[in-house]
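S.K.: here you go, sequence then predicted model.
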Amino acid sequence: MATTKPCIIWFRRDLRLSDHPALREAAAGGRPVIPVFIRDASVDGLGAAPKWRLGLGLEAFAAALEAKGMRLILRAGPALEVLEELIEETGADTVHWSRLYDPEAQERDSRVKAALRDRGLTAKSFPGHLLHEPWTVQTGQGDYYKVYTPFWKSVKDRDLPQPCPRPDLTAPATWPQSDSLEDWALGAAMRRGGPVVADYVKAGEEAALRSFGQFMADRIGSYAEARDMVAENGTSGMSQYLSLGEVSPLTLWHRALEAGTGKGPETFRKELVWREFAYHLMFHTPQMLDSNWRREWDAFPWNDDERRAEVKAWKQGRTGEPFVDAAMREMYVTGTMHNRARMIVASYLTKHLMCHWRIGQKWFDDCLVDWDPASNALGWQWTAGSGPDAAPFFRIFNPETQAEKFDPDGTYRRRWLAEGQARPTKTALSYFDAIPERWRMSPADKAPERIVNLQVGRERALGAYRESRD
């Protein structure tokens, strides 16, 4: 017999209604569904920008539910305690959620599932955050993949199910009490930056689908070439939506397949699989989140003092290297950074400045609205040379030559750098509205001088690399 007891849907990084297997099964048969989001330690531990962006995502998702006669229940506290309280209040006998794969979430979710099942309740987790569950992709020897290209070849032709449609949802007879999202003040740490970054963010599932529709109509054909040109609108812009699950990777994959077999659609699918590869590695080697994936790099003489003057200059976009500084300021104003620029600033920090990749990773943790634990860790370790499938350490990006190639007329640099310009752009000036006043920076300041000669920095890094190999 079909049950009339409610099913609690515990939302985390899956703030959507379409292609949501956990929600679809919960709604089957017309049983009441209670959508819940829990502010636990994992939420409180987020950096300023991702926590602020989460608040916008929750606001948009709550509105989408309300349009269907539903509510998003907000509660704060340890996940198991909150769920047990809600079960007592509502009479729910089932809890569903979409899987996460970082070690903290896995440990928590396993504990929650075991405790609920011990009480005779149904607790079930579902896919949806990835195209492939990490344990389903194996080498011929039954091991996990450590190099991207073989990983791509192993999954690129796999048949994937079509995205499931939005289900019809039934509300419970009575709703439990909910916290106020405003009272949570998830954006408090953004301070002056919040209103500035808000001009560049449109949250929610509908915004994600509209944005991707524009990308498909206008840009996917030229994506393979345009995605590297930092001044152009050549990327998909889907990273922030994938981070919070406002769109599923399965939806994007099938839409890209519909665009045909050209170089642009295939390159976009490869980028989706690069994200998969990051999660594949995080699942099998979770130490990559905070330790060198290649243990031989533990003895490499990186500087790890975040108080150093060059680290401060890097964070503030005052290194005197225009491409690097423009990229760092773009991140502070928009909450994102062009992917090509991310590689440049990461290489500059870890090689020209010889600073530990963890310093950069933690700064990105705090500043990116599209923060993703697996992608951020893999990106930093790949560029630094300490990670799986890493770029060799001696591949040191030169910001000058990279700018000549990917920002040939200087548009990107003028867009984000005010000092030294007679008529700074509005975007460049907005940086000074976003930064903390204690930084004491002004667009009237002189353009910063280089803190390291590029050739000197390169030779120093290569010398350290050779010495560490010996």
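M.R.: Cool, the structure landed.

S.K.: kindly list the longest strand within this protein.
M.R.: strand 33-39 (DSSP state E).

S.K.: helices along the stretch 251-400 of the chain, start to end?
M.R.: Assigned by DSSP state H, counting those that start in this stretch, the stretch 251-400 of the chain shows helices spanning 263-284, 309-316, 322-334, 339-347, 357-367, 373-384, 399-406.

S.K.: between the ones you listed, which gets nearest to His132?
M.R.: His132 lies closest to helix 263-284 among these, at 6.0 Å (C-beta to C-beta). From N, CA and C alone the C-beta is placed, and that goes for glycine too.

S.K.: so which bits of that closest one are buried?
M.R.: 264-266, 268-284 (16 or more other C-beta atoms under 10 Å).

S.K.: mind listing what's buried in stretch 73-86?
M.R.: Ile73, Leu74, Arg75, Ala79, Leu80, Val82, Leu83, Glu84, Leu86.

S.K.: coming back round to it: now mean pLDDT too, for the helices of the stretch 251-400 of the chain, in CSV please.
M.R.: Output for the helices of the stretch 251-400 of the chain, formatted as CSV (pLDDT from 0 to 100):
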stretch, mean pLDDT
helix 263-284, 97
helix 309-316, 98
helix 322-334, 98
helix 339-347, 97
helix 357-367, 98
helix 373-384, 96
helix 399-406, 97
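
S.K.: I'd like the ones you listed as JSON lines, with distance to Ser125 appended.
M.R.: What follows is the helices of the stretch 251-400 of the chain, written out as JSON lines (distance: least, C-beta to C-beta, whole Å):
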{"stretch": "helix 263-284", "distance to Ser125": "14"}
{"stretch": "helix 309-316", "distance to Ser125": "38"}
{"stretch": "helix 322-334", "distance to Ser125": "33"}
{"stretch": "helix 339-347", "distance to Ser125": "31"}
{"stretch": "helix 357-367", "distance to Ser125": "25"}
{"stretch": "helix 373-384", "distance to Ser125": "18"}
{"stretch": "helix 399-406", "distance to Ser125": "41"}
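
S.K.: CA atoms only: put the least confident helix or strand in the chain by mean pLDDT into PDB for me.
M.R.: The weakest-scoring helix or strand in the chain, judged by mean pLDDT, DSSP states H and E, is helix 454-469 (a mean of 91). Only the C-alpha atoms of helix 454-469 are listed here, as PDB (Å, rounded to 0.1, in the frame of the first residue of the first chain):
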ATOM      1  CA  LEU A 454      59.700  37.100 -14.300                       C
ATOM      2  CA  GLN A 455      63.000  35.600 -15.500                       C
ATOM      3  CA  VAL A 456      64.500  35.700 -12.000                       C
ATOM      4  CA  GLY A 457      61.300  34.000 -10.500                       C
ATOM      5  CA  ARG A 458      61.400  31.400 -13.200                       C
ATOM      6  CA  GLU A 459      65.000  30.500 -12.600                       C
ATOM      7  CA  ARG A 460      64.600  30.400  -8.900                       C
ATOM      8  CA  ALA A 461      61.700  28.000  -9.200                       C
ATOM      9  CA  LEU A 462      63.500  25.700 -11.700                       C
ATOM     10  CA  GLY A 463      66.600  25.700  -9.400                       C
ATOM     11  CA  ALA A 464      64.500  24.600  -6.500                       C
ATOM     12  CA  TYR A 465      62.800  22.000  -8.600                       C
ATOM     13  CA  ARG A 466      66.200  20.600  -9.800                       C
ATOM     14  CA  GLU A 467      67.600  20.600  -6.200                       C
ATOM     15  CA  SER A 468      64.500  18.800  -4.800                       C
ATOM     16  CA  ARG A 469      64.800  16.100  -7.600                       C
END
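
S.K.: contacts for that helix, please.
M.R.: By C-beta atoms under 8 Å, 6 or more residues apart in numbering, the residues outside helix 454-469 that reach it are 299-301, 321, 351-354, 385, 393-394, 396, 398-400.
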